[in-house]
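K.L.:
sequence below, structure please.
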Amino acid sequence: MRLTFYNYVDEPLQVQRAPSRRGWMDDSSGRYSLRCLPLQIANSYGWQFLCDQGFEATYTGGRGPEALRIRALDPGITPPDYASSHFGDGVLTFHTGYLIRTEAGWDTLATGPTNAHKHGIAPLSGVVETHWLPYPFTFNWRFTRPGTVRFEAGEPIGQVAPVLKHSLEWIQPEIRPLSEDPRLEQEFRDWWERREEYRRGAHGEGEWQRDYLLGRTPTGTEAADHQTKLRLREPAVCPVTGALAQGSVQRSR
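P.N.:
Next up, the predicted model:
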């Protein structure tokens, strides 16, 4: 499936595949978060857009767009034109400089960088019908309280991942007692007993359960399609046809 980033400005934000680690994970006590495979898979689930310069955004608490101000970190440099206060209500808007298109049957989940929280502000998420949309969408973060937040150069401001259209609507959720599946229930109980032993420290300091990381059940059964890493491709830069130089526009603020 082709995911196309059409840049309509001369200098769009850098786009790259999302990394599997976050700074707070490296700084966590004992670095235990680095052992969480689901966390790392979610971190790398898509492609990110990066700031090309650092800036601060300050929200005073008002309802209008003027209640949010943006200031470049480096003195004498104008604030980045890809960040703006457009909607009001403490919403910080990012323009990436790309029009994103997917093939028929695919939408795009647009959200903040997964598991990369910031104090005082939170990213908003949306699902966009990029298989037909002829114009770009923005990434938006909403202040949770008045204050100032900082975005550093190279910091991601958004993450996208194609999603299969209607796929969730095909699913019929069911609620059943675990006892209906005796084999699954026994594996669960085996796991629970081992988990309690680890919690009590019966296996020694520094020991931890590796079954999920290794893709196996508590009884030793190997998973058929276990994945420990996403191998996404970096965006390929295609040859310029000449249309960009004539048709590029300034970012809208």
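K.L.:
what is the mean pLDDT for the lengthiest strand in the chain?
P.N.:
In the chain, with assignment by DSSP state E, the single longest strand is strand 156-164. The pLDDT scores in strand 156-164 average 98.
K.L.:
off-centre distance for whichever helix or strand comes after it?
P.N.:
Remark: after strand 156-164, the chain's next helix or strand is helix 182-199, criterion DSSP states H and E. Averaging C-alpha positions (C-alpha atoms, centre = their mean, to the nearest Å) puts helix 182-199 32 Å from its chain's average.
K.L.:
quick one: list the elements packing against whichever helix or strand comes after helix 182-199.
P.N.:
The helix or strand immediately downstream of helix 182-199 is helix 211-214, counting by DSSP H and E. Packing partners of helix 211-214 (3 or more C-beta pairs under 8 Å, 6 or more residues apart in numbering; DSSP states H and E): helix 37-43. In short, each C-beta sits where N, CA and C put it, glycine included.
K.L.:
list the buried ones in the helix it packs on?
P.N.:
For helix 37-43, the neighbour count (16 or more other C-beta atoms under 10 Å) marks 37, 39-40, 43 as buried.
K.L.:
okay, the angle between whichever strand or helix holds Ala110 and strand 156-164?
P.N.:
Using DSSP H and E, Ala110 maps to strand 106-111. Angle of strand 106-111 versus strand 156-164, following axes from the mean of the first three to the mean of the last three C-alpha atoms, to 10 degrees, is 150 degrees.
K.L.:
what comes up buried for strand 106-111?
P.N.:
The neighbour-count check on strand 106-111 (16+ other C-beta under 10 Å) flags 106-108, 110-111 as buried.
K.L.:
circling back to that earlier point, which one of the buried residues of helix 37-43 is nearest Thr219?
P.N.:
Distances from Thr219 to those, taken as C-beta to C-beta, are shortest for Leu37 (19.6 Å).
K.L.:
so the closest one makes contact with Leu230?
P.N.:
No: taking contacts as C-beta atoms under 8 Å, Leu37 lies outside contact range of Leu230: 11.0 Å.
K.L.:
pretty sure Leu13 is touching Phe49, no?
P.N.:
Yes: with contact defined as C-beta under 8 Å, Leu13 counts as touching Phe49 (4.5 Å).
K.L.:
list the pairing partners of the strand holding Ala110 within its sheet, with orientation.
P.N.:
Its sheet considered, strand 106-111 pairs with strand 126-128 (antiparallel), strand 156-164 (antiparallel) by DSSP bridges.
K.L.:
who does the residue lying closest to Tyr59 once chain neighbours are set aside bridge with?
P.N.:
Distances taken as C-beta to C-beta, 6 or more residues apart in numbering put Phe143 closest to Tyr59, at 4.2 Å, once the chain neighbours are dropped. Legend: beta-bridge partners of Phe143 under DSSP bridges are Ile121.
K.L.:
okay, now Phe143: neighbour count?
P.N.:
By other C-beta atoms under 10 Å, 22 other residues sit near Phe143.
K.L.:
could I get the buried residues of strand 106-111 as a markdown table with pLDDT and distance to Leu68?
P.N.:
A markdown table is the format used below for the buried residues of strand 106-111 (pLDDT from 0 to 100; distance: C-beta to C-beta, whole Å):
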| residue | pLDDT | distance to Leu68 |
| --- | --- | --- |
| Trp106 | 98 | 33 |
| Asp107 | 98 | 29 |
| Thr108 | 98 | 26 |
| Ala110 | 98 | 20 |
| Thr111 | 98 | 21 |
